[in-house]
Each structure stands twice: as C-alpha cells, then as structure tokens.
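Asks: this is a predicted model, with the sequence first.
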Amino acid sequence: QITLKESGPTLVKPTETLTLTCTFSGFSLTTNGVGVGWIRQPPGKALEWLALIYWDDDKHYSPSLKSRVTITKDISKNQAVLTMTNMDPVDTATYYCPRLMVAGTVGSFDYWGQGILVTVSS
Amino acid sequence: DIQMTQSPSSLPASVGDRVTIICRASQSINNYLSWYKQEPGKAPKLLIYAASSLQSGVPSRFSGSGSETDFTLNISGLQPEDFATYYCQQSYRTPWTFGQGTKVDI
C-alpha cells in the first residue's frame, strides 16, 4: 500500500523559511521511474506545480520559484523535503506531495498525500 | 511555460449526463497529458494518464482522448460522486503545468 503524508508548520511568518517533509511508504525513491513532486493550491484556486525529484536525484523547479525552492530526498528515511525561503502571504496554500509514476516516458502523479495547509501571516 | 487552457470553467450537469471537458495546450505536448479529479477538501486523484490510459481502479465511464494540443475528458453516465473539479496537466516539459480546472456541478 502506497501512502504519502506531508508534515511541517501550518503557520509561518513573512520572510521566514518553510520546510515541509513528505514521508512515504510502499515504494522506494531508488526505483527507476519513480519520483516525488510538490504541488500547491491556494484557497479556491488551481493547482500549481512547484518541484520534482527523480529516483536518480535529477531535480526540476518552477522557474517562478526556482530561487526560493529546494527539493531533496532522504532515502534512508523515505522522505522528500521541500524548502521555500522568504515566505509571503501569497504563498498561503495547501501543499501536496504526490508520487510520480513514469509510464513509458509520460509522467503523472498517481498517489497523493492529504495535503497540509500552510498560512503565511504575521 | 506551456499554458493549459480548460473549457468550460463551470459545467452544470445532471446525474446520467455525458459530459465533455476540453483541455488545450499552448504548444504540442504529444500525449504527455494527465487528468485529475478533485473533490472539495481532498487531494487530487489521477484518472487518466498518457492522454487516454485509464488509471487502475478508475471507473470505465471515464475516458480521455487527444494528442498534440487538443485533449478531451469524457464522463459517460455521470454519477453523484463525479460532481467535482477536474484538472488537466502536461508533463511534456518542465515546469509541468495544470489547467485552471473545470467544476462539474448540479
């Protein structure tokens, strides 16, 4: 059974750094074709792709956030970590970590965490 | 960035209806297209990947088609649990981008 769960602070102040951890089970980030992504959704708005890390440690970031976002993985702990610096109220959103499945060459997110609502406010 | 545009944004429907949601990419994405369903307060759920492949466990009333820039999601025989918001997403080139969503409601 594949599960993912996001954890971290639910309230951060402007200018602070946010660190979110995705703890997963049922798969390994050493398996060819597997990855973990971070996606967010501001209240009442659409989904926004933030970052992606592959089994081979290849990483991709949204250009609009690239200077602020870092994604890493800890194989021994079955975790993927998102760090976002200089948080602003516009970063208030539910943050999700889904598993990436690559079928052939096409990637999609087949399992999702429940999400964590992060509010940025002083 | 590749822009994904869905239409309509809102789709009134009734149980039993056949509905079609359109997703257009700003450039060719081959078949690198996925569809997700999101119910209020819940995480998205993968329905279709590679434009037309049905994810395991998803009812066969869902189907996807299209390639290059034009894609459709069809739901035949709408069920009460299908009233939700649907998103398309391209994985052809990073940054991967989502459409703005289509809300199917009563």
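Replies: Nice, thanks for sending it over. The model shown is predicted, which means the values in this text are computed figures rather than measured ones.
Asks: what does chain A have sitting close to chain B?
Replies: Within chain A, the positions lying close to chain B (C-beta under 8 Å from any C-beta of the partner chain) are A:37, A:46-49, A:52, A:60-64, A:96, A:98, A:101, A:103-110, A:112-115. Quick note: C-beta positions are derived from backbone N, CA and C, even for glycine.
Asks: what sits up against the lowest-mean-pLDDT helix or strand in chain A?
Replies: One helix or strand of chain A scores below all others by mean pLDDT, DSSP states H and E: strand A:98-103, with a mean of 92. With contact meaning C-beta atoms under 8 Å, 6 or more residues apart in numbering or on different chains, strand A:98-103 is reached by A:2, A:4, A:24, A:27, A:33-37, A:39, A:52, A:54, A:107-113, B:43-44, B:49-50, B:53.
Asks: and for stretch B:52-66?
Replies: A:103, A:110, B:23, B:31, B:33, B:35, B:46-49, B:51, B:71-77, B:79.
Asks: the strands in chain B, which residues?
Replies: Here chain B has its strands, by DSSP state E, at B:4-7, B:10-12, B:19-25, B:33-38, B:45-49, B:53-54, B:62-67, B:70-75, B:85-90, B:97-98, B:102-105.
Asks: would you mark the buried spots in the least confident helix or strand of chain A?
Replies: A:Pro98, A:Arg99, A:Leu100, A:Met101, A:Val102 (16 or more other C-beta atoms under 10 Å in any protein chain shown).
Asks: likewise for stretch B:89-106?
Replies: By 16+ other C-beta under 10 Å, the buried positions in stretch B:89-106 come out as B:89-92, B:94-102, B:104.
Asks: once you drop chain neighbours, what's closest to B:Tyr86?
Replies: Leaving aside its sequence neighbours, B:Tyr86 sits nearest to B:Thr102 (C-beta to C-beta, 6 or more residues apart in numbering or on different chains; 4.9 Å).
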